[in-house]
Structures are given as structure tokens and as C-alpha cells.
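Colleague: dropping a prediction and its sequence here:
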Amino acid sequence: MTTAQAALPKPRRRRSWTGWQFVGPFMAVFALVFLAPIAYSIYISLFKTRLIGGTSFVGLENYQQALSDPNFWDGLGRVALFLAIQVPIMLGLALLAALAIDSGRLHGAGFFRITIFLPYAVPAVVAAIMWGFMYGNQFGLVGNINEAFGVDIPAPLGPDWILASIGNIVTWEFVGYNMLIFYSALRVIPASLYEAAEIDGAGQFRIIRSIKLPAIRGALVIATIFSIIGSFQLFTEPSILQKLAPNAITTFFTPNYYAYSLSFNGQQYNYSATIAIIMGLVTMIIAYVIQLRGMRKGS
Amino acid sequence: MTTLQDAPAQKKQAPGKVRKYSTRPRKSITLTLATGIILLYSVVPLIWLVINATKSREGLTDSFGLWFADGEFLLWDNIVSTLTYNDGIFGRWFLNTLLYVVVGAGGATFLAVLGGYGLAKFNFPGRGAVFAVVIGAVAVPGTALAVPTFLMFSQMGLTDTPWAIIIPSLISPFGLYLMWTFANDAIPTELLEAARVDGSGEFRTFFQVGIPLLAPGIVTVLLFTTVATWNNYFLPLIMLKDPDWYPLTLGLNAWNAQATTNGGEVIFHLVITGSLLMIIPLIAAFLLLQRYWQSGLAAGSVKE
């Protein structure tokens, strides 16, 4: 560095390849476990294996088949319904908890924060097993409640309620996680905004509506996107509960479950890859739309 | 929530900041009780788990779910049975999980920190493309990749080995994103320039200047990758046939499913105790490291 350079207003970082030394290792593994499988699955989705004639190139035939496959639409409709109801409930609860903790008006706010977060540390497998026991008639929480209060709660593992029961498990697992994301975003709002609002005589609800919610829009968008991705990927909870509710949970209960069943019970790898790619596309499009809408409103 | 309305405008009390213009917000019993409902919802199933880990197999069905069974407190016996059942396979699963977490989540964190730092602090050809591809990948359902990854790995002869779990665990796009935003804020570029002027190599600068400043972000990413690996179910389910390589998630599910298979011994009490044993380490890590990961999350993840 010469003095002449140092005197320049703001030395722009020079473009050089040095950064690749840091990003390179990530990108190498990324290429192996993300890019290669995506490319590979697109490739195999263009083929079909038949009992007679072996594997042959069929172009987009698998895609046509998927789009007219009632099992696929059934699963897709189910996860769409799931995310339309479960995601708003979960994010709403998380937002309420975050605002309450952030308000500084809770007794023991720190205790609330960490305790509500704890279910996130419980693996989905354990959560599903646990709730499965509680739902079931064997260990009787539902039975206990029916007895104790003389009520008749519908069986959570029956065909009518299974989706809601799964929604409850997922909500339980992720309310605290989302609460923490929102809470962290609330913490970085500059105090000067509150001072100004107070001088203007704004009440708490006005502050929430006009300052807090707009300020955490980015966090809300990110949480929504992750929740949508999670809903479309729904697999663990239904696959664990399947043993308890074999009549309510089919092998095509969710598209992801369908893709799994196709490859590992049916050996239909090509078709399974097709379903996975379609779901990937649907997820990306919806995530992209949410991001565009969410961010545009903000500016 | 009504108490919010009638109270005079109050501000949140940020720790360590002196406010002259306002008193501390008055604590509200109503709000505490209302939020307490969410707290109960979160914690009651965990209490259920602890209580039921003290029961025998018979006690589980005979007694009220949210209270102890009469005259039996078998927590210790259950723990011993869980650890010794089937020649102590639970311990083996625990060690497997630990292996996947240490190598997988540790490696994922290292790659994310290295990459996030590179993205934040260097201007290199292809930087925009890297960013676009990785952020795009966050939206790709990880599980949608599992089937093609399985097919690829089986051709490479990696399935049914620990590598099949470890290698995919090494990538955390969200971790990279977190580290990138965190490094942007936490490391002043002037400091790196100063180190360069002093003749420090790029990696030495990274380890001696970058890493200490990134510590809260690193703890945060490490915890989140640890949870992801510790809880991983779909990938091992696809990749592994040999129970000797199972992680705890797969093992517990196998025990749970035993009840529905012909001639399988019903061991629900061990499933419940095993579940409890499985979640304790993570909960302990979250509690012990609370201060670090919360500040890391607040500083890095969600600023626009």
C-alpha cells in the first residue's frame, strides 16, 4: 500500500480470485450433493423402465403421467390445504409470543423465550412418536380427557382428523423456532423509533402495527418461505404415524411420501424422480412469489 | 392482551441501555397468563415424556398420562433397560449419531463459515452466481434430492456406509446465508486491510481476525446444523440398511415399529425412555449456549 492509494476516498476492493479459496470448498461439496443430484434426477426423469424392453428414453412422458396422476394431485392438494391452515396458525402464535416477550411486560420473559423454544430441540421422529402415543387410545391422553370431562373428542388418528393432528405436531415443533426468528428481528429495531412514536403519542398497538411489523417484514417473509418448504416436504410425521393410522395415511399421503414409496417400495425410480422435480419446481415458484410480494410491499 | 391498550406508551427495555425518558414497562399479569398458554402448549408434551419415562410397560396403559403410575418410579430401571436392550444397540446408535453430528455438522459449520466469510469479504468473479445458486438451493426441498442422491451414492458404493449420511450433511445453505450476513456486519473491512498491510496471509487473517469476531455467529450455525444432523431421519432411512449404522432417530423408530411386526416384542416403555435420553443432550446444549446463539441470531440472521 502506497500513501497515494491510502489517500484515495474509499479504496474499492479489487476483484481477484482470492475469495474462491474460501468459497471453493463449500461449492465443491455443494456441487456433489446438490447440483449433481438435481442434474441426475432431471436426466433419469426422462427415461422409463419397463418389464419388457428395459430402460428407454421417453422424453416428457413421465411428466405427463404425473400431471394426470390422481395420487399425485391428492397428495399435493393435501399439503396445500395443510399449509394454508397450519402455517398461518403457527406463524400467528409465534408472532404473538415474540411480541409479548419483546414488550418487556412479561414476568420471567427469559424463561418464556427458552421454554417455548425447547420443542425445536425435539427430533421430528421423537415428536411424532410422542404425540402418536398421546393421540392413541393405548396411552390414553385423549381417552383420559374423554373420561375425565365426559366429552367425546374425535379420534385424532382417524381419517377425518389425521391431517389436523399432524398439523398440531408440526406447529408444536416450530412455534418456538419461528418465535425466536421474530424476536431476534424485533430486538434490532432502533430504540429511537419508539421514542419518536412515544412523543407522537402512539399506543402499543399502533407501535406494533406501524413500527414493529414493518420492521420485521424480512423475518416474516423468510419464516413463511421456510414453512412452505417444510409443508411441501412433509414426510417424517406421516411416515411415523402411518403405523398407528394405517387406514388414514396412504402411501401417497404427501407428494414426498409418494416419491419415497415409488422408489423404495415400487422401484419406480424414474417416476419418483419426476415427482420430486415437479415438487421442487412448485416449491421454488411459490417461495419466489412470496419473496417478491413480501419484499415489494416493504419498499 | 387488553392491558397493552390502556397502559401508557412504553418501550421495550433493552439490557444495558439507559433510558432517561421512560420508566420500565410495567409487568402485566394478564399478558403473562395469556402467553402462558403458549408456554403450556410447548412444555406439557415434554412433561408427559418425563413422567411416562418412569413407568413400566403396563403402567403406561393403566395410569393417567399426565401423572405418575401408582407405586412405581422406574426411571432408572428404564434407562438401564434402554441402554442394555438388544446388546446395548442404543449406545451404538448414540455413538453413530454423535459421529454424524461431529463430522457432519462440524464440517457443515466450517464450510459455511469459510464460505460466508469469502462471500462477505471478497469481491471475486462469479460471486453473484454463487450467491444466486445457493439461495436458490435453500428453496429446493432437501428431501426431493434424497432419491437421486441415493441412486448416485449407490452407484458410487457409498450407501449403507456412514459417508452416505456425512457427505450430504456437510452442506447447509441456510448456514452459509447466516454466516454471510453475520460476517457482513461483524467484521470491519478496515481491520482486514490493516492485517494485510501488516503482511498477514489471507488464511492467517481469517483465523486470527475473522474467527474471533464471528464466534457468536459460528455458535449459532453450529447449533442449527447440529439440530439438523441430530434430527435427520429421511436421509438415513433411505441410505442405511444395516442397523449397526443407524442413528438414534432410525433406531427409535425401529423399536416403535417393532410392536406392529409379527412376533415383535412391544417395548413402548423403552421407546419413551430412549426418546427422553435422545433429547436431553440437545436441550442441554441449547440451555448452556443460550447467550451465544441468541446474540448470534439477533446480530446476523434477520437484518434486512
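Modeller: Done, it's in. Numbers count the residues shown, from 1 in each chain, chains lettered A, B, ... in the order given.
Colleague: hey, let's count contacts and neighbours off CA atoms from now on
Modeller: Noted.
Colleague: does the residue in the stretch 151-299 of chain A positioned nearest to chain B count as helix, strand or coil?
Modeller: Nearest to chain B in the stretch 151-299 of chain A, going by C-alpha to the nearest C-alpha, is A:Ser184, at a distance of 4.3 Å. Look at A:Ser184: counting by DSSP: H, G, I helix; E, B strand; the rest coil, its state is helix.
Colleague: give me the neighbour count for it.
Modeller: Other residues lying near A:Ser184 total 25 when counted by other C-alpha atoms under 10 Å in any protein chain shown.
Colleague: thought A:Leu220 was touching it, still the case?
Modeller: No - using C-alpha atoms under 8 Å, A:Ser184 is not in contact with A:Leu220; the gap is 11.5 Å.
Colleague: quick check: nearest residue in space to the residue of the stretch 151-299 of chain A closest to chain B, chain neighbours excluded?
Modeller: Setting aside the residues directly before and after it, A:Ser184 is nearest to B:Ala298 in space (C-alpha to C-alpha, 6 or more residues apart in numbering or on different chains), at 4.3 Å.
Colleague: so the one you found touches A:Ile216, yeah?
Modeller: No - using C-alpha under 8 Å, B:Ala298 makes no contact with A:Ile216, being 11.8 Å away.
Colleague: show me whatever sits in contact with both of the two.
Modeller: A:Ala185 (C-alpha atoms under 8 Å, 6 or more residues apart in numbering or on different chains).
Colleague: the residue nearest the centre of chain B is in what secondary structure piece?
Modeller: Centroid-nearest residue in chain B, with C-alpha atoms, centre = their mean: B:Val227, separated by 1.9 Å. Under the criterion of DSSP states H and E, B:Val227 resides in helix B:211-230.
Colleague: could you see whether chain A lies near the helix or strand where B:Ser275 lies?
Modeller: Under the criterion of DSSP H and E, B:Ser275 resides in helix B:268-288. Yes - for helix B:268-288 and chain A, the contact criterion (C-alpha under 8 Å from any C-alpha of the partner chain) is met by B:Ile272, B:Ser275, B:Ile279, B:Leu282, B:Ile283, B:Phe286, B:Leu287.
Colleague: any low-confidence regions in the chain?
Modeller: Since you didn't name a chain, this refers to chain A. Low-confidence regions of chain A, defined by pLDDT under 70, span residues A:1-14, A:137-140, A:296-299.
Colleague: I was thinking of chain B, sorry if that wasn't clear
Modeller: Within chain B, the segments meeting pLDDT under 70 span B:1-24, B:138-144, B:299-304.
Colleague: and residue 150, how many neighbours?
Modeller: Unless you meant another one, I'm taking chain A. When neighbours are counted by other C-alpha under 10 Å, A:Gly150 registers 9.
Colleague: nope, chain B please
Modeller: By other C-alpha under 10 Å, 19 other residues sit near B:Phe150.
Colleague: so the closest residue to A:Asn146 other than its chain neighbours, which of the three states?
Modeller: If the residues on either side of it in the chain are set aside, A:Asn146 comes closest to A:Asp152, at 5.4 Å by C-alpha to C-alpha, 6+ apart. Following three-state DSSP, we place A:Asp152 in the coil state.
Colleague: same question for B:Lys241.
Modeller: Classified using three-state DSSP, B:Lys241 is coil.
Colleague: in terms of contact, does it touch B:Asp160 like I think?
Modeller: Yes - the pair B:Lys241 / B:Asp160 is scored as a contact, 5.9 Å apart, by C-alpha under 8 Å.
Colleague: those two: which is more packed in?
Modeller: Between B:Lys241 and B:Asp160, counted using other C-alpha under 10 Å, the more crowded position is B:Asp160 (20 against 13).
Colleague: what does the stretch 151-300 of chain B have sitting close to chain A?
Modeller: By C-alpha under 8 Å from any C-alpha, the residues of the stretch 151-300 of chain B that approach chain A are B:152, B:167-168, B:170-171, B:197, B:227, B:230-234, B:249, B:252-253, B:256-257, B:260, B:272, B:275, B:279, B:282-283, B:286-287, B:294, B:297-299.
Colleague: I am finished for the moment; much appreciated.
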